[in-house]
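Q: Fold the following for me, if possible:
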Amino acid sequence: MLIRLDRPDARDPKARPDATISEYLGIRTNNVAEYVGVVRAVALARELGARRVELLLDSNLIVEQLHGRWRVKDAKLRPLWAEALTTLRTFPAGWAAAHVPRAQNSLADALANEAIDRVAAGGPAVVVRRPG
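A: Numbering: from 1, shown residues only. The predicted model follows:
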């Protein structure tokens, strides 16, 4: 989910997002799913013209790896990590990633569950909601 940083409620965990991605990934590890979410979110932010991205992730592993403090040991994660960093480095005003408790990321979990339910009902694997 994406929220414009210039909004007064931008850091409120209950803020209504400006844009969302809900994508069914099938059977994946939680770390792969988290990285795919980062890759999709930063690509959408780029498409929407964001100048800066601040990621709030409930995976401390990914936060630490993106900042270069922890190595990316898992071969499945390396290409996703590289793609995320390549896109993050294109934002002119920079980027940040911070760890938040899972309880503050309930909307992200809801979007994942929405994708699972949607696909089970015969719907599309990906739904992107853009502003406007």
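Q: what are the ranges of the strands in the chain?
A: For the chain, strands defined by DSSP state E occupy the ranges 20-23, 53-57, 95-99, 126-129.
Q: Buried residues of the second one, list them for me.
A: With burial defined by 16 or more other CB atoms under 10 Å, the residues of strand 53-57 counted as buried are 53, 55-57. All C-beta spots, glycine's among them, are computed from the backbone N, C-alpha and C.
Q: Kindly report the same for stretch 115-124.
A: Neighbour-count burial for stretch 115-124 [16+ other CB under 10 Å]: 115, 118-119.
Q: ok, of these, which one's closest to residue 76?
A: Within the buried residues of stretch 115-124, the smallest distance to residue 76 is 20.0 Å, found for residue 115 (CB to CB).
Q: So what would you say the end-to-end distance of stretch 116-125 is?
A: Stretch 116-125 has an end-to-end distance of 8 Å (CA to CA, to the nearest Å).
Q: what mean pLDDT does it have?
A: Averaged over stretch 116-125, pLDDT sits at 96.
Q: Could you report the pLDDT at the closest residue to residue 51 other than its chain neighbours?
A: Distances taken as CB to CB, 6 or more residues apart in numbering put residue 93 closest to residue 51, at 4.3 Å, once the chain neighbours are dropped. The score at residue 93 is 97. That number is its pLDDT.
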